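K.L.:
Next come a sequence and a model predicted from it.
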Amino acid sequence: MNIAFNRALIGVALITAVFLATGFQASEKTAGTAPPPVPKRTQEAQAMMTPQDALAKLRAGNARFAAGQSRARNLPSEVRATAGGQYPFAVIVSCLDSRAPVELLFDQGIGDLFNARVAGNVLNDDIVGSLEFACKVSGSKLILVLGHSNCGAIKGAVDGVELGKLTGLLDKIKPAAAQVPDSVQPRTSKNNEFVEKVAEANVHLVMKQIREQSPILREMLDAGSIGLVGGMYDLTTGEVHFITN
Ligand SMILES: [Zn+2]
């Protein structure tokens, strides 16, 4: 009698365990396969945005990224949804550095951002032309010039590195180094404070050059139809400090 009862009890326990395990797996599977919604990226949505909205979107995205709370994305769906056209809300000039991929650090998806990347986030005619395309033709609302901490291009420029075509690129950063007060010494890549100040001065310099070199963008900026901000990305925290003056 006892043996039969124990067997029955074990049987019930096993069935319960299997049921619970199956139920748990089923609910987990349902949660895991629910596709995240694909954000709306339409010409109307882009046109409704202000430069301030675009900046707020970048700030919020970076806050999510830095907190480890980037949104789940269904990238294949985003690819399909954007195949017919693009309406990015911002254009970013940023450094070549592999540690500063803008879509990731602003938690944006396919079709959200134009991005021109070049060592030291310097400017040339082709990049100015790209910015004109982004804003005048494609309707982007904000230009962000993004420098970053511990930048190899800035270090190369302050140390006077010469190498092939890189020499000319680094020359573009030297006026930024000259703007950092003489009191900041030594003026080499060994001095982290100097390197960071040059990187920030370089962001300001490029912002100024954009206004000077493009009458098209200057007119849009003066009309308030687009905005221009700078930013410094901190490689150690994942945070962007925006420069809005
Ligand atoms: Zn860099």
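P.N.:
Arrived safely.
K.L.:
how far away is the residue lying closest to residue 167 once chain neighbours are set aside from residue 189?
P.N.:
Once flanking residues are discounted, residue 167 sits nearest to residue 161: 7.7 Å by Cβ to Cβ, 6 or more residues apart in numbering. All C-beta atoms are positioned from the backbone trio N, CA, C, and that covers glycine. Residue 161 sits at a distance of 9 Å from residue 189 (criterion: Cβ to Cβ, to the nearest Å).
K.L.:
What spatial separation is found between residue 203 and residue 187?
P.N.:
Distance of residue 203 to residue 187, given as Cβ to Cβ: 18 Å.
K.L.:
neighbour count winner among the two?
P.N.:
Neighbours were counted for residue 203 and for residue 187 using other Cβ atoms under 10 Å; residue 203 has more, 22 against 17.
K.L.:
Could you report the pLDDT at the residue positioned nearest the centre of the chain?
P.N.:
Compute the mean C-alpha point of the chain, and by Cα atoms, centre = their mean the closest residue is residue 102, 2.4 Å away. On pLDDT, residue 102 comes in at 97.
K.L.:
swap in residue 3?
P.N.:
Residue 3 is assigned 52 on the pLDDT scale.
K.L.:
Quick check, the residue nearest to residue 167 in contact with residue 171.
P.N.:
No. Contact criterion Cβ atoms under 8 Å: residue 161 and residue 171 do not qualify, at 10.6 Å.
K.L.:
So in terms of bridging, what pairs with residue 233?
P.N.:
residue 148, residue 240 (DSSP bridges).
K.L.:
Run a quick neighbour tally on it.
P.N.:
Under the criterion other Cβ under 10 Å, the count of neighbours that residue 233 has is 24.
K.L.:
Kindly provide the distance from it to the ion.
P.N.:
Using Cβ to the ion, to the nearest Å, one gets 9 Å for the distance from residue 233 to the ion.
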